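Have a look; sequence and predicted model below, questions after that.
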Amino acid sequence: MILLGACAAWSLVTAAARGGRPEGVLLAVLAVSAGYAAGRICGALLPVVAPGVGALAGLGLAVAAPHTTVSSPFISPLGHTGATAALLVLSAGAACCAAWAARAPGLRFGLRLLAVGVAVTAGVLGSTTGVVACTGVLLCSLAAARMPRGPGLAGLAFVTALMTATTWATAEKALPSGLTDSLEGRLTPHRVLLWHDALGMARAEPLLGAGPGRFGELSPTVAQALPSDDKPHSAPLQLAAEQGLIGVALLATVFCWVLYVLWRSPRATPVALTAGAALTALAAIAMVGNALSFTTVTAGAGLLAGMATARPLTDAPEDPAPDGVSVRRPAPWA
């Protein structure tokens, strides 16, 4: 709550100092908080049913979302495709978490089949990113059965840091020319220009940024493009441009805190690692898209994190993993 409160407070500070509209950031913070609280409650009461229902709800929202652009965030800089891919990733992660929490082999198989169905749905909807991310979450979930919790979460943190550095270097054009050309071909030159504008604003105002919601007013690339949604399509670069480096640091701290509570979670190790993999995939999508601008995505992320860190209200110890899998439980006083 302290971290999320700091995120909300900093958006108000930057809006007061530079102008702008902090409502989007405040709504995202509220959605994450509400989702996390609901996830902790539902995960404690219904450790299998809650993530299973959440997976179906996320799948339904993704299917019902408008699909005016038939491509992934790697190809099209506009549209709802990033949010669709993010919802599908969270759905796949929730289904896999429910599978690990289930005791009956048939139910566990059915929930994993649901996760496979989510990946197939991503392909039907034309989201290449969704297919890759959902498949990655499913494979990571299966591998989590034999992986220690600490090194697994540390690996996810390293992958996220590497993706952030690659995004930043692409915007700076600091990568080798061949690699830069290849990435620009996938990301589109328009998106890279948006990132370059965001870095320019961050250099001009490194502490406070240009103000929340003001990227569209100040970006030359946005002014020349029609239609435009006034966003740079990268969560860390948008925060750097609009709220300065402190805003980026707060976002990174929130993500690290999520990994920390997953490490401390009383749930089985495969559940914690699966949720971590899904949230890491969401972070990857947010690096190159505007998925975090959608309330359903931010609320879903909080919901998944809450369910994966809830302490189930059951007398029997949770041990859904096969023999030999370490299940880390905190000390009674923790």
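Arrived safely.

what about Gly213, which SS state?
Under DSSP: H, G, I helix; E, B strand; the rest coil, the three-state class of Gly213 is coil.

how close does the residue lying closest to it once chain neighbours are set aside sit to Ala99?
In space, not counting the residues next to it along the chain, Gly213 is nearest to Arg21; the distance is 3.7 Å by C-beta to C-beta, 6 or more residues apart in numbering. In this view, the C-beta of every residue, glycine as well, is placed from N, C-alpha and C. Remark: distance between Arg21 and Ala99 (C-beta to C-beta, to the nearest Å) = 41 Å.

Likewise for Gly54?
Gly54 is 13 Å from Ala99, by C-beta to C-beta.

what does Pro22 give?
39 Å.

Quick check: what element follows the lengthiest helix in the chain along the chain?
Criterion DSSP state H: the longest helix present in the chain is helix 235-264. Of the helices and strands lying after helix 235-264 in sequence (DSSP states H and E), the nearest is helix 269-287.

Take that next one, keep the C-alpha atoms, and write them as PDB.
Coordinates of each C-alpha in helix 269-287 appear next as PDB, following Å, rounded to 0.1, in the frame of the first residue of the first chain:
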ATOM      1  CA  THR A 269       6.500 -23.100  -5.400                       C
ATOM      2  CA  PRO A 270       5.000 -24.000  -8.800                       C
ATOM      3  CA  VAL A 271       2.000 -21.600  -8.100                       C
ATOM      4  CA  ALA A 272       4.400 -18.800  -7.200                       C
ATOM      5  CA  LEU A 273       6.700 -19.300 -10.200                       C
ATOM      6  CA  THR A 274       3.800 -19.600 -12.600                       C
ATOM      7  CA  ALA A 275       2.300 -16.300 -11.400                       C
ATOM      8  CA  GLY A 276       5.700 -14.800 -11.700                       C
ATOM      9  CA  ALA A 277       6.200 -16.000 -15.200                       C
ATOM     10  CA  ALA A 278       2.800 -14.600 -16.200                       C
ATOM     11  CA  LEU A 279       3.500 -11.200 -14.700                       C
ATOM     12  CA  THR A 280       6.900 -11.200 -16.400                       C
ATOM     13  CA  ALA A 281       5.300 -11.900 -19.700                       C
ATOM     14  CA  LEU A 282       2.900  -9.000 -19.000                       C
ATOM     15  CA  ALA A 283       5.800  -6.800 -18.300                       C
ATOM     16  CA  ALA A 284       7.300  -7.800 -21.700                       C
ATOM     17  CA  ILE A 285       4.100  -6.800 -23.400                       C
ATOM     18  CA  ALA A 286       4.000  -3.500 -21.500                       C
ATOM     19  CA  MET A 287       7.600  -2.800 -22.700                       C
END
